[in-house]
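In: Here's a sequence, model it:
(3 chains)
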Amino acid sequence: MDPRRKRKLRLFVALTAAILLSGALIYTSFSASTQAKEPSDLIAGAEPGRSYELTGKVVQDSVDKSGDRLTFRIRDRDGRESLPVTYSGVVPDPFREGREVIVSGELKRGTFVAEHDSLITKCPSKFTKDEQST
Amino acid sequence: MEYIVAVIILLALVAVVVLRPLVLGVGEDDRESVSREELEAAKEAKYREIRDAQLDFEMGKLSREDHRAVDRELRAEAIEILKQLDAADGQASGA
Amino acid sequence: MAGLGSACLLVGLLTALYAAGASLYGARSGSRAAVVSGRRAIYSMAGLMVTATIVLQSAFLRSDFSFKLVAEGSSTDTPTFYKFTAMWATQDGSLLLWALLMSLFSSAVLFATRRSLRDIAPYATAVLAGIAAFFLLLMVAWENPFTTLAVAPVEGAGLNPLLRHPAMMIHPPMLYTGYVGFAIPFAFAIGALIVRQTGADWIRATRRFALIAWTFLGAGIMLGALWSYAELGWGGYWAWDPVENASLMPWLIGTAFIHSIMVQEKRGMLKIWNVSLIVTTFVLALLGTFLVRSGILDSIHAFGASTIGAQFLTFIAIVILGSTALIVSRLDDLRSEAKLDSLMSREAFFLVNNLVLVGLCVVIFWGTFFPLISEAFTGDEASVGPPWFNRVTTPLALVLVALAAIGPMVPWRRASRSGLVRSFRLPLAVMAVTLVALLAFTNSANSPLALIMFCFVSLVLTVVSQELWRGTRARRTITGDPWPRALGQLVARNRRRYGGYLVHAGIAILFLGVAASSAFQDQQDKRLSPGESFSAGGYDITYVRPTAEVGRDTAGTGAPITFGAVLRARRGDEVTMLHPSRNFYPSQNLEAGPIGRFFEGEATSEVDVRWGLRRDLWTAVRPDIAELEPAIREANAKFSSSGNDVQAIVIAAIVEKYRNDAPPANFRAIDSPLVSWIWIGGAIMILGAMIAIWPSPEARMRRVTSIYAARLGKELSQA
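Out: Numbers count the residues shown, from 1 in each chain, chains lettered A, B, ... in the order given. Sure thing, here's the model as predicted:
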């Protein structure tokens, strides 16, 4: 095979491999992803049995810790609607009422049942213009 | 107020440092050693390649014929660089 | 003093703009004086940045709360060590750190190249000045670290307790040194493209900077992982968090770059690839800096909606568009000088290595930005988590480790069959023996992927050892030196090669730790009362008794209250005592009451780890202080107007209550095999990199003599 054809063949093989791998990447990421929703989204319509990532602010005075289990309410970042959440697992150090959290799980009969250890809390904002009192 | 005074003083300091070459001119030493530095660097790199190939051969990664071919090529390239270095030196001393 | 700091910034910005202008004018008109003036402007800018940094740091050390930054990030009871690092915990302060490092590195490279690269250096100066100007503009116009408060508060807010860890002192400066370091080869690449001098000169001049940047960035990433493991309460070292990924991506492309520049130096190939790689590395470095400062991706590091996000994106867009246009317009000058002779050559393997590294970066980029991608295409913001990342990166990591073994064995241009057989015989044999031994004596078969990784690691280590041995033997046949001296001389005279091999060994060991600790760890979460036990891995762990201290923070972070536990862990004959605890920091929020605010503030987990070469036992505790609340409320009511010392006694009494009658606490224990080897591997990588960076004595001597020869030539010509 002359060099030019050899190089064209290599290029073809490489491109095909790249396309196949990209396809695999796209497919696995969309099928393995969880959607981030706010409480109002889930209240409006959540598919039963489907895992979601619920994000929002912890409602003041809603946190209750009894033994292993943590319950609290999450509300929309800029809204009124809220959902109760039950969670067990590691509670991150910055977790606090009024802070933004992300938790994965399913909506079961009006309560968001969270996956073990899936609670993430955002660090208190240091880089915004509005000040926070801790 | 402190701010404005500081700005003025700092600007003046920077201006002194920065305008010196424009006012006093630049030394001529650079002209020759200029391309010389780059050639020196290229020479070093070529020497390293020759030594690397030698080491590869001693360690058995390159066969004798392969090493001979590569060594010949590299030494020819090194001689080219040395010739250019001589030319640069010649310009310096001959001028 | 704040006025001086702000003045430094404004004058610095003007100086940077002048530097760019003077350098460009000097380049176009041929005026040497203008070029030298531009270079001196960069030196001046460095001086200004140093001054500004000193002003800010002294404000922190003096606890001068008229500085807004000091009031927000420090306090009189913050330990001095952490007062010093608070500067880069804030957005404004870290911009100043970037500008400082940028100006220092630029000065260093321009000083080193002041006599060479005459055509390229002015344009490189202009690029470096432009980048510095951007960061200075951000500070002058939007985020000034020297902003003052009209009324200085009496006490500052204090440094976020999570950041009070020694690794936090050096993690950001290391990362920034990495990011800034990569700007140097980038600037010289742009300069080389502009003047169409696309040979290896710009690479040779900036290679050390690229290596230094790579080392610091890698060290910074490792420190972040170590901090996560030793300080946070979850027990892991890598979460595929967007900010973690943001620092890893430029490092991966940087790794590809330092390999492929060798191909350009040796064979004049891959020129387009190299300039594209360094542009990508720099863009990713900017992106990494930007990601930490915008709330654009949900992450535990997210610092909320940023005020400078748009500016960053604009700058990044300019860099990408400008560089691409420049590369495309110079395609003719970037043609390869040679062709790929054979697929069994080091050039080919470096290309494969590059593809794998770029592939890893693409995958990580995809996953990190997936929320934005999915929102663009489906309207729903979705995200992928660690399981997906692990699944797609593991095969690529396996290939990478295998390449690290094969690459050193393959010579340049073409490998001969007999040479390959001689090189691979022993490593493959050792790998086969390792495989059999692992299957026979361990339970590695439970995780096929880990098993494959172990085999490849053994391949790398054998290859590196073989290289050292064969090289030393070859030296001995020539010089007759004894073994130790021959080995030392071998490494000293071929620092780049053997430093690089040591880095390969380091990364293999690192992956050994990663594979073993991910595949074979045992994590247990349990709720225990004092006296109860549980088991994790091979350990039997007993909750001996609770602990409660006031003012005795063993971690040195200045926490007034610490609740914890004493654990006894037994494994066979070995008994270890562990003391995990939780530090409670007072809150500024007075609503909680004068006593209550000490229990309502931030709390951090102080983990206790039994470090070991074969395994780590990691423990953390989450004490339950809910039962203390009645006592706290009572104290709030009774002692709200008492003096500080009375309140202190009351707090001590409440704390004592926990010690005497503690409710059950939540424990997490993790038995991780071989996890310490991750840190050891990282340290080996850094050592190898330092060996590769260190200039060899011969070259130094030759350089000195050539300078003398030049002087002699000049003086002779003047006579």
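In: low-scoring stretches of chain C, by residue?
Out: Along chain C, the parts satisfying pLDDT under 70 run over C:161-162, C:293-306, C:555-558, C:697-710, C:712-713, C:715-719.
In: Would you map the strands across it?
Out: Applying DSSP state E to chain C gives strands spanning C:382-383, C:522-528, C:533-536, C:539-550, C:561-571, C:574-578, C:581-584, C:603-606, C:608-610, C:615-622, C:665-673.
In: what about those, which gets the closest to B:Leu74?
Out: strand C:665-673 (48.0 Å; C-beta to C-beta). All C-beta atoms are positioned from the backbone trio N, CA, C, and that covers glycine.
In: elements contacting that closest one?
Out: Judged by 3 or more C-beta pairs under 8 Å, 6 or more residues apart in numbering or on different chains; DSSP states H and E, strand C:665-673 is in contact with helix C:495-519, strand C:522-528, strand C:533-536, strand C:539-550, strand C:561-571, strand C:615-622.
In: of all those, which lies closest to chain B?
Out: Ranking the helices and strands packed on strand C:665-673 by proximity to chain B (C-beta to the nearest C-beta) places helix C:495-519 first, at 7.0 Å.
In: Please convert the strands of chain C to TSV, extending it with distance to C:Ala631.
Out: TSV is the format used below for those (distance: least, C-beta to C-beta, whole Å):
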stretch	distance to C:Ala631
strand C:382-383	43
strand C:522-528	22
strand C:533-536	29
strand C:539-550	13
strand C:561-571	14
strand C:574-578	28
strand C:581-584	15
strand C:603-606	18
strand C:608-610	28
strand C:615-622	20
strand C:665-673	18
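In: of all the helices and strands packed on strand C:665-673, which lies closest to C:Lys657?
Out: strand C:539-550 (8.2 Å).
In: Just want the most central residue of chain A.
Out: The centroid of chain A falls nearest to A:Glu53 when counting by C-alpha atoms, centre = their mean (3.7 Å).
In: next one: chain C
Out: Central residue of chain C (C-alpha atoms, centre = their mean): C:Gly220, 2.3 Å from the mean position.
In: just checking, it touches C:Val180?
Out: No: in this structure C:Gly220 lies outside contact range of C:Val180 using C-beta atoms under 8 Å: 11.7 Å.
In: and the longest strand anywhere in chain A, what's its mean pLDDT?
Out: Longest strand in chain A by number of residues (criterion: DSSP E): strand A:100-108. Across strand A:100-108, the average pLDDT comes to 86.
In: I'd like the next helix or strand past that strand.
Out: Using DSSP states H and E, the helix or strand that follows strand A:100-108 towards the C-terminus is strand A:111-114.
In: in chain A, which spans are strands?
Out: A:34-37, A:52-58, A:64-66, A:69-75, A:82-88, A:100-108, A:111-114, A:120-121.
In: Do a quick rundown of the helices in chain B.
Out: Along chain B, counting by DSSP state H, helices occupy B:2-24, B:30-58, B:64-94.
In: Next, the angle helix B:64-94 makes with the second one.
Out: To tie it back to what came earlier, the one meant is helix B:30-58. In terms of direction (axes from the mean of the first three to the mean of the last three C-alpha atoms, to 10 degrees), helix B:30-58 departs from helix B:64-94 by 170 degrees.
In: Burial check on C:Arg614, number of neighbours?
Out: C:Arg614 sits with 10 neighbouring residues when counted by other C-beta atoms under 10 Å in any protein chain shown.
In: go on, A:Gly79?
Out: Number of residues near A:Gly79 (other C-beta under 10 Å) recorded here: 12.
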